[in-house]
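Undergrad: let me see the structure of the following:
(2 chains)
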Protein chains: 2
Amino acid sequence: MARTWATFGVDLHLEPTGPGVRRGLTDALREAVRTGRLTPGTRLPSSRSLAADLGIARNTVADAYADLVAEGWLTARQGSGTRVAPGAPPTPCGRRGRAVPGAPGRSAQPRREPGRPAYDLTPGTPDLASFPRTEWLRAARRALASAPNEALGYGDPCGRVELRTALAGYVSRARGVRADADRIVVCSGFAQGLKLLGEVLARRGLDSLAVEAYGLDVHRTIAEQAGLGTVPLPFDDFGTRPDVPAGVSAVLLNPAHQFPMGGVLRPRRRAAVVEWARRTGGLVLEDDYDGEFRYDRQPVGALQDLDPEHVIHLGTVSKSLAPGLRLGWMVLPGSLLPDVVAARRAGGWSGGVLDQLTLAEFITSGAYDRHIRAARLRYRRRRDALVRALAERAPRIRVTGIAAGLHAVLELPPGTESSVVRAAAWQGLAVHGLSRFRHPRATTEPLDALVVGYGTPPDHAWAGALDALCRVLP
Amino acid sequence: MARTWATFGVDLHLEPTGPGVRRGLTDALREAVRTGRLTPGTRLPSSRSLAADLGIARNTVADAYADLVAEGWLTARQGSGTRVAPGAPPTPCGRRGRAVPGAPGRSAQPRREPGRPAYDLTPGTPDLASFPRTEWLRAARRALASAPNEALGYGDPCGRVELRTALAGYVSRARGVRADADRIVVCSGFAQGLKLLGEVLARRGLDSLAVEAYGLDVHRTIAEQAGLGTVPLPFDDFGTRPDVPAGVSAVLLNPAHQFPMGGVLRPRRRAAVVEWARRTGGLVLEDDYDGEFRYDRQPVGALQDLDPEHVIHLGTVSKSLAPGLRLGWMVLPGSLLPDVVAARRAGGWSGGVLDQLTLAEFITSGAYDRHIRAARLRYRRRRDALVRALAERAPRIRVTGIAAGLHAVLELPPGTESSVVRAAAWQGLAVHGLSRFRHPRATTEPLDALVVGYGTPPDHAWAGALDALCRVLP
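TA: So this is what the prediction gives:
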């Protein structure tokens, strides 16, 4: 039953039981700001008094405030308390997109917008300042010049054949995926791929999806909206244990680089999950979101190679180029292909063809490989700087998950995670605690840690971000 | 119960009752070709013998064959019968996209690919050869040069604010829509907008959507997949009668230009449907797919202007620029906005930002208006040529729906529609009969007619297409 309360003059709704109190409060507050019920500048009650009103732990309120400060909805300043950010959008479709204008890399100090953190170390976004604008435009020009007219029509529900062909070559070469253009379906990012697969699998009678104990809540939401409950897998010192519960016939994994924990699925476990899929007719959804970025040894090949009939490989350019392109792909088993194609043919799934044609040209011209190589080097330098800075300034902090990707996990002394996240928010540093990535029903012991994304800040802001991070660490 | 049969060695499944026999047969045959169960070159049994095997009317088989010839899956040639087209894709994600390569407008004769019609007069696609490639690239360059880095991130689930702002200005100026950027949600074409609204409305408890007696079956499919049944509205000599049945609280209409009948919703009926929505709290989905193209008088303004709180205006560039861009928009009532935004925020809906930024630049620079004006002139000339040619060579054919848009309805003598469509297919002319757009449960008297799209052929092929059309008319 939802509880309504009217503290500071707005009605919020909160589910007061279960593991979702913090998220419920965060969502309710965000919604109140978004819909304009809480207007910019409004001062929120102290976490102590709101917690007392609600009968919940003070830390829960403080954590929710910190999350919303990190997201830019609230501001927290010594002396003026927690307020609705001046730049917070008054309506659902906000104008926040305009909030950080101007070309990158021109000034040494990042411009601070009201309600925006000075440094963003939340994981999930690459360095957008290094998006290869000139090369991309060049590829777009070539692609559009050679595209047949019919490419501009309603087209193939699987996506442009030029891109599927280029991707088939790329993923087999770079990721060891067994791929044929005819088995690839282009989608608008991983999220759309998951949504589509969720709907197709739900229509086939699936009702739950096994997921890792740590992961993105947006993926759980997408699965749930498609009608699939999620069941967390066990997690131990060696990472995710792919012990899929009986009755569950699909599992979503990050075999090459667990998000956010950063590990790689061990060879024996890779074999075990494929063996499970074969034995039970199950499916593995392989979310290969940043497989290109591995620094200390050769990339880990795709799980799909072990059994293309039971593993769906999902890739994206969201980390390698930019999430805003909304370009991803699925390499599908033959058994699933007709249902996926039929769903897409039924309408509403297709994305724009121009970026598809451009990416095809970008890949086949070699520009993609060059970009990945340069980005890998840049991120590796950042990672090395992070590890060095922590060794010098916070030597007691253990850093893990650094062999690959765009983020690291900084283990914190037990019980300190939320206070560190709060302290960071006060310093204008957006950073996420590990707990927000933990499945609400995960059985593994909670761990206090920060998940530090080192992709997001532009190069010129990286040293400052690192400094701010070190200041808030215990 | 589905019936299985094994004529010519493949198992097809067909629902032998109800209005869907022809469609069921068409779908089953298409699927058999698509999945490779019927391989290129395979000769199909004569319509007479297949009809006898199946116990259905011979015309139904002949119509299904003609549809598939028009779509390029089959070929039909005097002397060699009906065969699976050589170019037909062996797998679901085909290589058909490659079938018509080369730059447009270079040769006077359209290249004829195996399995492709020589002339395509099916409605729904604009003249892709006149897509303004150079201006589009110029806008893309400007847009990307001035875009802030954060535009390349995950971004606003409503779409880029630059585009929403540009669209708000455009639709209010050009279509009389009462629009604010904060009420606009960008979507991947009309189809995605309908899919999203269908899901949101179904979640609100809606179980059926009233639609016009004539329309696109893909829209019905999208609604049905979202959980909404469709109920056809009555249709009389003055067009659609918006008598929404009791218990139905949403209606999908083409007020400015009915597809495919071509009429405009009469003023009294416009008022009546808005009055119905107000009285019952209902919603009108206004599909304004080609409102820009009106030739003989001023454009008909948007219905949404009468009541923005009960009418959702849906626009698209699919007819004005190209469907392949997959760019559309919804202007939403305040009551619906939070649910739509929440659905999009939950993930899987967003499209690429680069085309969004480019379209914003294209609109604000004036290039869009220039393109629309030139396209309007070009289509008007084609329409005039069509009307002239018919008056000379098929004077008994009544042409309707010509005041606007990219297609016309050619009324045929009763009982001749399917034979004309078949004859056209034999001549390599793809054209649709009106019956395929009729709602299976429509109560209006069926009308024999062709729906002739004059947007698709490139300019150089238009005279030849017109000639081919006149040859097949009775």
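Undergrad: now for A:Val33, how many residues are close by?
TA: 25 (other Cβ atoms under 10 Å in any protein chain shown). The way it works is simple: take the backbone N, C-alpha and C, and place the C-beta from them, glycine included.
Undergrad: which stretches of chain A have low pLDDT?
TA: A:1-20, A:35-36, A:78-79, A:87-115 (pLDDT under 70).
Undergrad: and it, what are its domain boundaries?
TA: A:4-90, A:133-366, A:369-472 (automatic domain parsing).
Undergrad: and those domains: which comes nearest B:Ala346?
TA: Checking these against B:Ala346 by Cβ to Cβ gives domain A:133-366 as the closest, at 5.0 Å.
Undergrad: can you give me the end-to-end distance of the closest one?
TA: Start and end residues of domain A:133-366 are separated by 15 Å (Cα to Cα, to the nearest Å).
Undergrad: and the helices in the stretch 151-300 of chain A?
TA: A:161-175, A:189-203, A:217-225, A:267-280 (DSSP state H, counting those that start in this stretch).
Undergrad: is chain B contacted by the second one?
TA: Yes - using Cβ under 8 Å from any Cβ of the partner chain, we find that helix A:189-203 touches chain B at A:189, A:191-192, A:194-196.
Undergrad: just these now: which is nearest chain B?
TA: Chain B has its nearest neighbour among those in A:Lys195, at 3.4 Å by Cβ to the nearest Cβ.
Undergrad: any idea how far the closest one is from A:Leu201?
TA: Here A:Lys195 is placed at a distance of 11 Å from A:Leu201 (Cβ to Cβ, to the nearest Å).
Undergrad: okay, and the common contacts of these two?
TA: A:Ala226 (Cβ atoms under 8 Å, 6 or more residues apart in numbering or on different chains).
Undergrad: circling back to that earlier point, between all of the residues of helix A:189-203 next to chain B, which two are at the greatest distance?
TA: A:Gly189 and A:Leu196 (11.1 Å).
Undergrad: which of the domains of chain A is buried the deepest?
TA: Of all these, domain A:133-366 has the most neighbours on average by mean count of other Cβ atoms under 10 Å in any protein chain shown, namely a mean of 21.
Undergrad: tell me which element the residue in the stretch 201-350 of chain A that chain B sits nearest to falls in.
TA: At 3.3 Å from chain B, A:Gly348 is the closest residue in the stretch 201-350 of chain A, using Cβ to the nearest Cβ. In this assignment (DSSP states H and E), A:Gly348 forms part of neither any helix nor any strand.
Undergrad: mind listing what the closest residue to A:Pro299 other than its chain neighbours touches?
TA: Nearest non-adjacent residue to A:Pro299, counting by Cβ to Cβ, 6 or more residues apart in numbering or on different chains: A:Gly291, 6.0 Å away. The contact partners of A:Gly291, taken as Cβ under 8 Å, 6+ apart, are A:174-175, A:256-257, A:299-300, A:302, A:315.
Undergrad: and the gap between A:Gly291 and A:Ala256?
TA: A:Gly291 is 4 Å from A:Ala256, by Cβ to Cβ.
Undergrad: who touches both of those two?
TA: Common neighbours of A:Gly291 and A:Ala256 (Cβ under 8 Å, 6+ apart) are A:299-300, A:302.
Undergrad: hang on, A:Asp307 packs against A:Arg278?
TA: Yes - counting by Cβ atoms under 8 Å, A:Asp307 touches A:Arg278, with 6.4 Å between them.
Undergrad: and A:Gly351, its phi and psi?
TA: phi -110, psi 170 (degrees, to the nearest 10).
Undergrad: A:Gly464 reaches A:Tyr119, doesn't it?
TA: Yes - the pair A:Gly464 / A:Tyr119 is scored as a contact, 6.5 Å apart, by Cβ under 8 Å.
Undergrad: tell me the contacts of A:Ile363?
TA: A:166-167, A:169-170.
Undergrad: looks to me like it is in a helix.
TA: Yes - counting by DSSP: H, G, I helix; E, B strand; the rest coil, A:Ile363 is located in a helix.
Undergrad: which residues of the stretch 301-450 of chain A lie near chain B?
TA: Near chain B, when you scan the stretch 301-450 of chain A using Cβ under 8 Å from any Cβ, you find A:318, A:322-327, A:337-338, A:341, A:343, A:346-355.
Undergrad: again, 7 Å this time
TA: Proximity of the stretch 301-450 of chain A to chain B (Cβ under 7 Å from any Cβ of the partner chain) is limited to residues A:322-327, A:337-338, A:341, A:346-348, A:350-355.
Undergrad: so where do the strands sit in the stretch 101-250 of chain A?
TA: With strands called from DSSP state E, counting those that start in this stretch, the stretch 101-250 of chain A shows them at A:119-120, A:184-187, A:208-211, A:229-232, A:235-236, A:239-240, A:250-253.
Undergrad: just so I know, which of the ones you listed lies nearest A:Asp127?
TA: Nearest to A:Asp127, of the strands of the stretch 101-250 of chain A and by Cβ to Cβ, is strand A:119-120 at 11.1 Å.
Undergrad: what's in contact with that closest one?
TA: A:428-430, A:456-457, A:461, A:464-465, A:468 (Cβ atoms under 7 Å, 6 or more residues apart in numbering or on different chains).
Undergrad: in its sheet, what does it sit against?
TA: strand A:429-430 (parallel) (DSSP bridges).
Undergrad: so how far is B:Leu314 from A:Cys187?
TA: 23 Å.
Undergrad: try A:Gly176
TA: 44 Å.
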